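# compute the structure for the input listed below.
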Amino acid sequence: MIDIGAKEIVRRTAVASGFIELKSGTLEAIKKGEVKKGDVLSTARAAGIMAAKHTPDTIPFCHIIALEHADAKFSIEDDGIKCTCEVSARYKTGVEMEALNCVSASLLTIWDMVKYLEKDSKGQYPSTRISTIMVDIKEKTPLNGEDNGSR
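Presented below is the predicted three-dimensional model:
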């Protein structure tokens, strides 16, 4: 891992987003709560938050960060679902990987839960796509007398 021992603790926030293209029938099933595996967006939210917390377990050399906040939100659009994840912590290194991991796991969970609706007659996924996973916002804010956890 990179040595961050000399870096100052600051409030760090990252927002990442991504999109999964789905069939209109799949989107309707999600909206109506008719997906066999259960509540798609609640499950995807939980998966994303869990992924954010376990980022160092899946990405080598990532620092273990005590996250103070992680959340995933979803917007159902005409051709799919947009996922936006926000993660924050007071630490010496950023939380972008945690936010990206949150988005990725959330979108993969959606795909897993609806794959039976997305498959064509040959068992393929010709119209299902995960795309535009990106960091939308990265912020560092000095603590200004706030407890920085370095007692």
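
# from the contact counts, what lies against the longest helix that the chain contains?
Identified as the longest helix of the chain according to DSSP state H is helix 96-118. Where contact means 3 or more C-beta pairs under 8 Å, 6 or more residues apart in numbering; DSSP states H and E, helix 96-118 is packed against strand 10-21, helix 24-32, helix 40-53, helix 55-58, strand 69-77, strand 80-91, strand 129-141. C-betas here are computed from N, CA, C, even on glycine.

# minimum distance to Asp3: which of those has it?
The closest of the helices and strands packed on helix 96-118 to Asp3 is strand 80-91. By C-beta to C-beta, the value is 14.3 Å.

# how close does the residue lying closest to Arg129 once chain neighbours are set aside sit to Met134?
Setting aside the residues directly before and after it, Arg129 is nearest to Glu21 in space (C-beta to C-beta, 6 or more residues apart in numbering), at 4.4 Å. According to C-beta to C-beta, to the nearest Å, Glu21 and Met134 sit 16 Å apart.

# about what we covered before: the helices and strands packed on helix 96-118: which one's closest to Ser121?
Across these, Ser121 has its closest neighbour in helix 24-32 (14.5 Å, C-beta to C-beta).

# about what we covered before: can you redo the helices and strands packed on helix 96-118 as JSON lines with mean neighbour count, distance to Leu100 and mean pLDDT?
What follows is the helices and strands packed on helix 96-118, written out as JSON lines (neighbours: other C-beta atoms under 10 Å; distance: least, C-beta to C-beta, whole Å; pLDDT from 0 to 100):
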{"stretch": "strand 10-21", "mean neighbour count": "21", "distance to Leu100": "5", "mean pLDDT": "98"}
{"stretch": "helix 24-32", "mean neighbour count": "15", "distance to Leu100": "23", "mean pLDDT": "98"}
{"stretch": "helix 40-53", "mean neighbour count": "21", "distance to Leu100": "9", "mean pLDDT": "98"}
{"stretch": "helix 55-58", "mean neighbour count": "16", "distance to Leu100": "9", "mean pLDDT": "96"}
{"stretch": "strand 69-77", "mean neighbour count": "16", "distance to Leu100": "12", "mean pLDDT": "98"}
{"stretch": "strand 80-91", "mean neighbour count": "22", "distance to Leu100": "8", "mean pLDDT": "98"}
{"stretch": "strand 129-141", "mean neighbour count": "13", "distance to Leu100": "6", "mean pLDDT": "97"}
